[in-house]
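**Q** The sequence isn't on hand, but the structure is:
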C-alpha cells in the first residue's frame, strides 16, 4: 500500500502534483496504461482545484486488491462548489471556457466516481479504479 | 490578458508574492505598536544612543567569533562601511518618531542586502539577539524604575521584532523571486522552435505543459511562423508524460492559431498510453493531423511541401516498403 497527499493552491502546483504522483506510481507494479490514467486523473482534478477553488488537496492511495491493484484518488477543496452537479458530469459543460471533459472523462477512465459538493463550501471528488498490472509482475 | 509569456509570468509572481510585502500599517497592527511604545523607545534611546560606539565595539567583539566573520569582513573598508550603517540603523530605531513607509523601506533594504550576500537567517537572528542583549543589558545604566524598565523593554522588543519581521519577509520574497526566475529561465530554454527545413518548423516538447508554458509555446511558435513563413509545424509530444483536457485544449488552440497563419500543425509522438487516455477523456482531435512518431510526421511534412527524398542511386528514400 502506498499513498500520498498533496496541496494545491495555484496552477503552478499542478505540474508538481503530476510529477509526484507519477513518481509514486513508478514504485508500484501498475501497467503503463493505468499509470497514465491515474496521472491524467490527478492532473485533471488538481487543475480543477487550481482553477476554481482557493485551496485543496489531492490524496492518492494504491494497494493490492483481488484482480490487480486498487487505486483511490480523492480531491477535496475549499471553494465555490458546483451549483449543477448533473451538468458538470455531462460532456462539454464548462463554466470557464475549457473543454468541459474533465469530470466526465474521469468517469470514463475510472471504475467509480462520486462527486459531492456544497455551494459556497467546497467539493469532494472520490474516484477508484481496479488497475491492471505490468506483464510479469504480481 | 496578453500573448507575451513574460507578462503572464509577471502576473503570476504578483499574485503569489503579495507584491510589495509588509506595509507600515500592517506592521503596526500586527505587532500592536502604540505611540506610547515609540515614546518609551525614544526615552531609552537617550540612554543608549550616546553609547552607540560602545555597542559597536561589543557587537564586533562578538561578531569576530562567528563563522561568518572571515567570509564577510576580511575587507577593512567594507567593515568600516557596514559598522557605520549599522550604528545609523540603531540610532534610527531609538530615535523613531513614527513608523512610516520610509522607516519600513530602510529596513526592507537591509533584509534584501543580507539575502543578496547570502547571510543565513540563523546568523542574522543570532546578530539581532546579541544586539538586543547589548542594548537591554550591557548598555543599561540602571537609571529607570523596575516598572519603567519593564515597559521600555517590551517596547524595544516590539521594534526589534518589527525589524526582524521585515527582514524575514524580504528574505522570503527574495527566495521566491529566485525560484520564479529559475523556473522562467528553464521555461525559456524549453521552447527551441527549430527550422528543420525550408517551410518546416519543429518543436520537441518535454515535460509537463501548464497554461504559462502553453502560452510561451504559442508565442514562440507563432513568432517563428511569422519570421520563417513556414507551412508545416511539427509539435512532438513524446516527452510529455500526461495529456489531460487542459493540455489537450492548449494543443488544439496552438494548432488552430498556426492554421490561421497558413501553417498546418502536425502532432507527433502520441504514445499508446496518451492516445488511450485522450480517447477516454473524450478529447476530439479530429481537426489535427497526428502521427505516432516524429519520423512519420517528418515524412508527412516533406510530402506536404513537395519534397521527395531519393537515395544517391535514385531509389525512393525513407519509404518503409
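**A** Great, that's in hand. Predicted, not measured: the structure shown is a model, and the values here were computed from it.

**Q** C-terminal to the helix or strand where residue B:161 lies, what's the next element?
**A** Using DSSP states H and E, residue B:161 maps to helix B:146-189. Using DSSP H and E, the helix or strand that follows helix B:146-189 towards the C-terminus is strand B:194-197.

**Q** Tell me which residues are up against that next one.
**A** B:201-203, B:224, B:228, B:230, B:234, B:298, B:301-302, B:305, B:307 (Cβ atoms under 8 Å, 6 or more residues apart in numbering or on different chains). All C-beta spots, glycine's among them, are computed from the backbone N, C-alpha and C.

**Q** cool, stretch B:256-267 as well?
**A** Contacts to stretch B:256-267, defined as Cβ under 8 Å, 6+ apart, come from residues B:201, B:218, B:221-222, B:225-226, B:229-235, B:237, B:251, B:254-255, B:285, B:287-291, B:297, B:300-301, B:304.

**Q** pLDDT weak spots in chain A?
**A** A:97, A:138 (pLDDT under 70).

**Q** What is the burial count for residue B:298?
**A** By other Cβ atoms under 10 Å in any protein chain shown, 22 other residues sit near residue B:298.

**Q** Quick check, it in contact with residue B:234.
**A** Yes. The pair residue B:298 / residue B:234 is scored as a contact, 6.9 Å apart, by Cβ atoms under 8 Å.

**Q** Centre of the chain to stretch A:76-94, how far?
**A** 14 Å (Cα atoms, centre = their mean, to the nearest Å).

**Q** Please apply the same query to stretch B:97-113.
**A** With Cα atoms, centre = their mean as the basis, stretch B:97-113 stands 22 Å off its chain's centre.

**Q** cool, stretch B:90-107 as well?
**A** 28 Å.

**Q** Buried residues in that stretch, which are they?
**A** For stretch B:90-107, a neighbour-count test (16 or more other Cβ atoms under 10 Å in any protein chain shown) marks B:90, B:93-94, B:96, B:99, B:103-104, B:107 as buried.

**Q** and what of stretch B:223-241?
**A** Quick answer for stretch B:223-241 (16+ other Cβ under 10 Å): B:224-225, B:228, B:230-237, B:240-241.

**Q** near chain A, from the residues you listed?
**A** Subset of the buried residues of stretch B:223-241 in contact with chain A: residue B:241, counting by Cβ under 8 Å from any Cβ of the partner chain.

**Q** got JSON lines for the buried residues of stretch B:223-241, with secondary structure and pLDDT too?
**A** Listed next are those as JSON lines, based on DSSP: H, G, I helix; E, B strand; the rest coil; pLDDT from 0 to 100:
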{"residue": "B:224", "secondary structure": "helix", "pLDDT": "94"}
{"residue": "B:225", "secondary structure": "helix", "pLDDT": "94"}
{"residue": "B:228", "secondary structure": "helix", "pLDDT": "94"}
{"residue": "B:230", "secondary structure": "coil", "pLDDT": "95"}
{"residue": "B:231", "secondary structure": "coil", "pLDDT": "95"}
{"residue": "B:232", "secondary structure": "strand", "pLDDT": "96"}
{"residue": "B:233", "secondary structure": "strand", "pLDDT": "96"}
{"residue": "B:234", "secondary structure": "strand", "pLDDT": "96"}
{"residue": "B:235", "secondary structure": "strand", "pLDDT": "95"}
{"residue": "B:236", "secondary structure": "strand", "pLDDT": "95"}
{"residue": "B:237", "secondary structure": "strand", "pLDDT": "93"}
{"residue": "B:240", "secondary structure": "coil", "pLDDT": "89"}
{"residue": "B:241", "secondary structure": "coil", "pLDDT": "86"}
